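Undergrad: show me the folded form of this:
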Amino acid sequence: MYRDKQRDLAEYKEKMLQAAFQEKQLGAVNKETPVVDYKAAFEQQSYEMN
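TA: Here you go, the predicted model:
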């Protein structure tokens, strides 16, 4: 029983590390790179041209 708990804990820690890494990757994309709204930019540009 003790070995099963240790294995389960190791698997849980591995999954949590993978989830934390994925969250870090997603956060890096969302926080550091600007999101470009092409439709709004196009409408703003066409408005400025008129």
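Undergrad: avg pLDDT for the longest helix along the chain?
TA: Residue-count comparison of every helix in the chain, with assignments taken from DSSP state H, identifies helix 2-32 as the longest. Summarised as a single mean, pLDDT over helix 2-32 is 83.
Undergrad: which elements pack onto that helix?
TA: For helix 2-32, there is no helix or strand it packs on, judged by 3 or more CB pairs under 8 Å, 6 or more residues apart in numbering; DSSP states H and E. In this view, the C-beta of every residue, glycine as well, is placed from N, C-alpha and C.
Undergrad: give me the number of residues near residue 4?
TA: The burial metric for residue 4, expressed as a neighbour count using other CB atoms under 10 Å, is 8.
Undergrad: again with residue 22
TA: For residue 22, the count of nearby residues is 10 (other CB under 10 Å).
Undergrad: what is the burial count for residue 38?
TA: The local packing of residue 38 (other CB under 10 Å) involves 7 other residues.
Undergrad: separation between residue 16 and residue 44?
TA: Here the distance between residue 16 and residue 44 works out to 43 Å (CB to CB, to the nearest Å).
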